[in-house]
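>>> Got a predicted model here, sequence first, then my questions.
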Amino acid sequence: METIEGVVTDSFEEVPDVRIVRIKPARWLEFKPGQYFLILIPGGESVKPYSVSSPPLNREYLEFCVKRVGGGRASNFMFHTGKGDRLTMRGPMGRFVLQDKIENDIIFAATGTGISAIKPMIQAVFERGTGEQIWLFFGVRTERDIIYRKEFDAIASKNRNFHFIPCLSRPSGSWSGERGYVQGAIKKLVEDARNKDVYICGLAAMVEQMKVIAEQLGFSKDRIHFEKYV
């Protein structure tokens, strides 16, 4: 883990209450898809972990996906950063990373900003190239809350083996996709867990439920990879 300075190169709203912050580090630090950096919050020694949502091959900036939390000191600080602001980071850190070799079908399951760790994994899979089947089950409340929708739709349009399945817990009447939670959609749509890996990222309750469901579906424990967001 290293401490390094960075400069904000861009900051914009992705969906309501979620902001994308891009930071150019003073020097490049190698990281693996799924890892995170600690951002030093001014006014004290507190730090906040944020997963890198850009893929390692993109060396222009490190991208972070920030959910604004009412009363949250770190998220409100990050939400109000602007171009030219300087930040201090520590990292990279984390063991929730994409495996070096893609030898099996993969199911990714994420909710909310848990997609931050998953997005670079999916991008890395298709940058390397694979013929395996790749699914992304992504749970949010409404259609307008689907973070990185354009990016995932673009990957799906270029790769017939990528299946993007947004799951809405509060869909509009016109929504024709999956309704309910990621857990239910996976139980309904995943029939054969043999020789498949599953990567899970989101709030602790969802992750714990998904771990149980994954074992019930037949995933072996060594193929269940997860990260809990707090």
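Nice, I can see it.
>>> okay, now the domains of the protein?
Per the record, the chain has its domains at 2-93, 105-229, by automatic domain parsing.
>>> Endpoints of the first one, how far apart?
Going back to what we said before, that points to domain 2-93. 10 Å (CA to CA, to the nearest Å).
>>> switch to numbering from 524
Sure, I'll start numbering at 524, so the last one becomes domain 525-616.
>>> tell me how far it is from the chain's mean position?
14 Å (CA atoms, centre = their mean, to the nearest Å).
>>> same check, this time on the last one
When distances are taken as CA atoms, centre = their mean, domain 628-752 is centred 10 Å away from the chain's centroid.
>>> The domains of the chain: which one's closest to Gln622?
Counting by CB to CB, Gln622 lies closest to domain 628-752 out of the domains of the chain; the figure is 7.2 Å. To be clear about C-beta, it is placed using only N, CA and C from the backbone, and glycine gets the same treatment.
>>> per-residue confidence averaged over the closest one?
Domain 628-752 carries an average pLDDT of 95.
>>> Likewise for stretch 551-568?
90.
>>> what about the strands in the chain?
525-538, 541-548, 559-563, 570-574, 585-590, 609-616, 628-634, 657-663, 685-691, 701-702, 719-726, 747-752 (DSSP state E).
>>> So Ile657 is in contact with Phe685, correct?
Yes. Judged on CB atoms under 8 Å, Ile657 makes contact with Phe685 at a distance of 4.9 Å.
>>> Mutual contacts of those two, please.
Counting by CB atoms under 8 Å, 6 or more residues apart in numbering, the contacts common to Ile657 and Phe685 are 645, 649.
>>> Looking at these two, which one has more neighbours?
Ile657 (21 against 18; other CB atoms under 10 Å).
>>> I'd like to know how far the more buried one sits from Lys547.
30 Å (CB to CB, to the nearest Å).
>>> What of Ala737?
In terms of CB to CB, Ala737 sits 38 Å off from Lys547.
>>> Those two: which has the busier surroundings?
Set Ala737 next to Lys547 and count neighbours by other CB under 10 Å: Ala737 wins out with 25 against 15.
>>> Check whether that one really touches Asp720, as I assumed.
No. Distance between Ala737 and Asp720: 10.0 Å, which falls outside the contact criterion (CB under 8 Å).
>>> Would you confirm that Val705 contacts Thr634?
Yes. Under the criterion of CB under 8 Å, Val705 makes contact with Thr634 at 6.0 Å.
>>> Which residues are in contact with each of these two?
With CB under 8 Å, 6+ apart as the test, Val705 and Thr634 both reach 661-662, 725, 729.
>>> contacts for stretch 544-551?
Applying CB under 8 Å, 6+ apart, the set of residues contacting stretch 544-551 is 527-534, 577, 582-587, 589, 601, 604, 610, 612.
>>> Name only those of those residues that count as buried.
527, 529, 531-532, 534, 577, 584-587, 589, 601, 604, 610, 612 (16 or more other CB atoms under 10 Å).
>>> from those residues, which is closest to Ile645?
Closest to Ile645, out of all of the buried ones among the contacts of stretch 544-551 and judged by CB to CB, is Ser577, at 12.2 Å.
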